[in-house]
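>>> curious how this folds, go ahead:
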Amino acid sequence: MSRVKTRTETIAQLHQRNVALKIPSYQRPYIWPTEDVTKLLMDVANARQDGQENYFIGTLISTLGNETAGSYELIDGQQRITTLVLLALAFRERLPDHRLVDMTRLGKKPRLTFAIREKAQAFLTHEAGLSDVRLTEEETCDPYVVHLHQGLKAARQKLKELAKDEEMLRALADYLYEQVVWVNNIMPAGMNPNQLFTRINTSGVQLEQTDILKSQLLYKIHQHKRRYDAIWQACENLGNYFERNVRQLFPNANWQQLRFDSLAKFDAAQFPIEESNCVAIMGQTLAELTAHAKEEHQVRAPDNKNTQAPKDSANTEYCRSIISFPLLLMHTYRIFRAERKQGDISSRLHANNFGECFKSFVQEAKEADAVAFIELLWHVRYQFDRWVVKWRQDDNDNTAHLYLGSVSWNDAEKRLNRSFPERIQDLVQLQAVRNFTGERSAQYWLTPLLARSLGTTSHEEALALLEDIDNKLSLANCSQKEASFALLQNEPPACHPHNWIREHLEQHLGTGFEHYWFQKLEYVLWKNRTSLSFQDDKRLPDFRITSKSSVEHVHPQHHEYTQEQLEKKMLNSFGNLALLSPGENSSYSNQDPGKKRVDFNKKPNIDALKLAHIFKLMGNSDIWDDDMIEQHHEDMLKLLEAHYHKGRIRNVV
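Okay, the predicted model is just below:
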């Protein structure tokens, strides 16, 4: 029986193996808009600039053409591969001698060919420098050509903007040629690719990089494949709560006896599962591959009615994770490696580095390793749902906010119920600080929190743990990646002394201050709200730390009426600044501080606790001068220092 093969590929590898790429007749035209073409180019450029080892563009499905000639017929992935060809054509105009040009042609023909699309073929042939025949303006409006023409034009325009730095341009071309990576699922010759293409598109499912990893791990497991497949599915659906996923996928468990703590670690005796219908993506037949993908899609859907799981009540809540499943897997792998004293992963923690992160593990893992990793994933997902916030629709204003729920046993309904407190918890506010600042694509704080929260039984314990992690990460004088892995192992990272905070915040950086310090101060003000002067503000209980990106000068840089200005260093002092959303910032504009205070007090919500402290300090006066800025600045520094020293707050208004 024929099997599906999976391999990672780059443009360089296509060239080395002389592989031709063919778009079959049943495929739709190339339809990417110009903004998507330039976005891909700039995403790749940013990945190179950030030092990412690879940039992953997803998974493709192809079938083998003529084995001797070496060709792939693209079943799924035409749009991405065609865009890479357009980018290579754009570079050909700027760097005609670069190896990237090899993506545009194979011998005397274009590398990418279209079946029964003569005009599209003629367009690529001419642009690759293989023909002098140029399409007319009318011919470029052909539905199979128009987006090719516009996409190439947009790519050339973007490269023109970048062409001022030829060294950077050449480095970008090198990166495109060697470091842009995809996973190719290759169907054997003789299979019906048209049928597969139809089945993939009608099922609404596309194999993701996490599906590939799962298939590779399940391939190594010889016993209880169905069990580990179900564990994976229970963990990967981040749009639902873990206990509900487990209930759906392990319906034979004794749910009358199980409590939430029972889910802390996987126990095969407590969570039995039928071992029939066991499948694994790697090494499947064509029918198995598509059938299993469709089956998984049904299980993942929150409102699926075909599952055999016990029905949930009508008021079941759903949620949205702060991270993606690929990132959760990468956090899990860091914990896995730390437990085995193997050191950290080499790549940055980013979903684009997913394939590179797991490359050596997949190659070297034995059956016991695959089993251990998937069982650890179960444990990490349990900790993730117990201690990490999720986005949830607010019943009052229908807006998504961060919440942290708890799970209890409902004796009347004989089931586990998740509930959410009415009051905003300190743990939620501190996680909001972390979520909205730093390297948001990585969320490095999660790895030590998920690893070290084992045995934590209360919010107070979890808060103390996260405060310790957050304080050390904020003072680390190594990278956040290095510091988080040290904390994961319960070791102190290299840190600045506490007085570094004062030295840093006493500078006059204006908009150059890191947003983290504003958000961290919001948390410290929130935590000490009952002992500070603005505690009588009726809006305080509803205050939430949210995403902010605009630094507001309380005393404006350019006053709306007068030329009177503060000294520049005082104007750009941390004491004269607050972090707001762009909309909040623009609502204050260049008004004098007194008008800003009036507007602040009229708003239904508190824009920032730092502003609340400032305007409370002003009282009913419109004066906001050097002395008051200095006092507010000193008060804020004392609060931060007390938080880091775990000391009492003294002499703070």
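
>>> before we move on, what SS does the most centrally placed residue in the chain have?
The centre of the chain sits closest to S441, judged by Cα atoms, centre = their mean, with a distance of 4.6 Å. Recorded secondary structure, S441: coil (DSSP: H, G, I helix; E, B strand; the rest coil).

>>> show the contacting residues for the closest residue to it other than its chain neighbours.
Distance criterion Cβ to Cβ, 6 or more residues apart in numbering; nearest residue to S441, sequence neighbours excluded, is H350 at 5.1 Å. The C-beta positions use only the backbone N, C-alpha and C, and glycine is treated the same way. Applying Cβ atoms under 8 Å, 6 or more residues apart in numbering to H350 gives the contacts 52, 327, 441-442.

>>> just to revisit the earlier point, for E506, see how far away the residue nearest to the centre of the chain is.
31 Å (Cβ to Cβ, to the nearest Å).

>>> measure stretch 13-29 end to end?
End-to-end distance for stretch 13-29, by Cα to Cα, to the nearest Å: 26 Å.

>>> same check, this time on stretch 89-108
End-to-end span of stretch 89-108 (Cα to Cα): 15 Å.

>>> so how far is it off the chain centroid?
Taking Cα atoms, centre = their mean, to the nearest Å, one finds stretch 89-108 lying 33 Å from the centre of the chain it belongs to.

>>> before we move on, what about stretch 606-620?
Per Cα atoms, centre = their mean, the centroid offset for stretch 606-620 relative to its chain is 34 Å.

>>> buried set for that stretch?
Neighbour-count burial for stretch 606-620 flags 606-618 (criterion: 16 or more other Cβ atoms under 10 Å).

>>> what's the closest of those residues to R340?
Comparing the buried residues of stretch 606-620 against R340 with Cβ to Cβ places L609 closest, at 43.5 Å.

>>> the closest residue to the closest one other than its chain neighbours: what's it in contact with?
Leaving aside its sequence neighbours, L609 sits nearest to L525 (Cβ to Cβ, 6+ apart; 4.0 Å). By Cβ under 8 Å, 6+ apart, the residues touching L525 are 532, 609-610, 612-613, 639.

>>> for whichever strand or helix holds A578, packing partners?
Here A578 sits within strand 577-580, counting by DSSP states H and E. Counting by 3 or more Cβ pairs under 8 Å, 6 or more residues apart in numbering; DSSP states H and E, the packing neighbours recorded for strand 577-580 are helix 515-527, strand 550-553, helix 609-618.

>>> adding distance to A230 and mean pLDDT as columns, could you present these in TSV?
Below are the helices and strands packed on strand 577-580 laid out as TSV (distance: least, Cβ to Cβ, whole Å; pLDDT from 0 to 100):
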stretch	distance to A230	mean pLDDT
helix 515-527	39	97
strand 550-553	46	92
helix 609-618	46	95
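
>>> in a markdown table: the ones you listed, plus distance to H379.
A markdown table is the format used below for the helices and strands packed on strand 577-580 (distance: least, Cβ to Cβ, whole Å):
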| stretch | distance to H379 |
| --- | --- |
| helix 515-527 | 28 |
| strand 550-553 | 40 |
| helix 609-618 | 36 |
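
>>> D132: which of those is closest?
strand 550-553 (54.0 Å).

>>> coming back round to it: surely the residue nearest to the centre of the chain and M330 touch.
No. The criterion here is Cβ atoms under 8 Å, and S441 misses it with M330 at 10.9 Å.

>>> identify the contacts common to those two.
349, 351.

>>> how are the strands of this structure distributed by residue range?
Secondary structure of the chain by DSSP state E: the strands cover 5-9, 20-23, 55-64, 71-76, 105-106, 109-110, 112-114, 180-187, 390-393, 400-403, 406-410, 415-419, 550-553, 577-580.

>>> and those as a markdown table, adding mean neighbour count and distance to Y516?
Shown next, in a markdown table, are these (neighbours: other Cβ atoms under 10 Å; distance: least, Cβ to Cβ, whole Å):
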| stretch | mean neighbour count | distance to Y516 |
| --- | --- | --- |
| strand 5-9 | 15 | 36 |
| strand 20-23 | 22 | 46 |
| strand 55-64 | 21 | 27 |
| strand 71-76 | 22 | 41 |
| strand 105-106 | 21 | 49 |
| strand 109-110 | 20 | 50 |
| strand 112-114 | 22 | 46 |
| strand 180-187 | 22 | 32 |
| strand 390-393 | 17 | 21 |
| strand 400-403 | 18 | 17 |
| strand 406-410 | 13 | 28 |
| strand 415-419 | 16 | 31 |
| strand 550-553 | 20 | 13 |
| strand 577-580 | 24 | 10 |
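
>>> Q270: which of those is closest?
Of those, nearest to Q270 by Cβ to Cβ is strand 415-419, at 13.9 Å.

>>> can you count the residues close to the nearest residue to H379 once chain neighbours are set aside?
Excluding the flanking residues, the one nearest H379 by Cβ to Cβ, 6+ apart is K265, at 5.4 Å. Around K265 there are 13 other residues, counting by other Cβ atoms under 10 Å.

>>> got a list of what K265 touches?
375, 378-379, 382.

>>> still on that earlier bit, of the strands of the chain, which is nearest F361?
If you check each of the strands of the chain against F361 by Cβ to Cβ, strand 5-9 wins as the nearest, at 14.0 Å.

>>> now V133: how far from R7?
Distance of V133 to R7, given as Cβ to Cβ: 36 Å.

>>> again, but for H401
For H401, the distance to R7 - Cβ to Cβ - is 44 Å.

>>> do the same with Q223
As judged by Cβ to Cβ, Q223 and R7 stand 27 Å apart.

>>> ok, H555 next?
Distance of H555 to R7, computed by Cβ to Cβ: 61 Å.

>>> repeat for P493
Distance, P493 to R7, using Cβ to Cβ: 38 Å.

>>> for G594, same thing?
Using Cβ to Cβ, G594 is found at 67 Å from R7.

>>> and F56, by the same measure?
14 Å.

>>> could you list the low-confidence segments of the stretch 451-600 of the chain?
559-564 (pLDDT under 70).

>>> hmm, 80 instead?
534, 558-565 (pLDDT under 80).

>>> can you give me the end-to-end span of stretch 407-419?
6 Å.

>>> swap in stretch 213-230?
15 Å.

>>> residues contacting Q489?
A338 are the contacts of Q489 under Cβ under 8 Å, 6+ apart.

>>> start the count at 52 instead of 1 going forward.
In the new numbering, first residue 52, that becomes Q540.

>>> how close does it get to W429?
Distance, Q540 to W429, by Cβ to Cβ: 22 Å.

>>> same check, this time on L691
From L691 across to W429, the span is 39 Å (Cβ to Cβ).

>>> before we move on, what about D148?
D148 is 53 Å from W429, by Cβ to Cβ.

>>> neighbour count winner among these two?
Counted by other Cβ under 10 Å, D148 and W429 do not tie: W429 has more neighbours, with 22 against 7.

>>> and the pLDDT at that one?
Looking at W429, its pLDDT reads 97.

>>> that one reaches I282, doesn't it?
Yes. Using Cβ under 8 Å, W429 is in contact with I282, at 5.2 Å.

>>> need the residues touching each of those two.
With contacts taken as Cβ under 8 Å, 6+ apart, W429 and I282 have F317 as neighbours in common.
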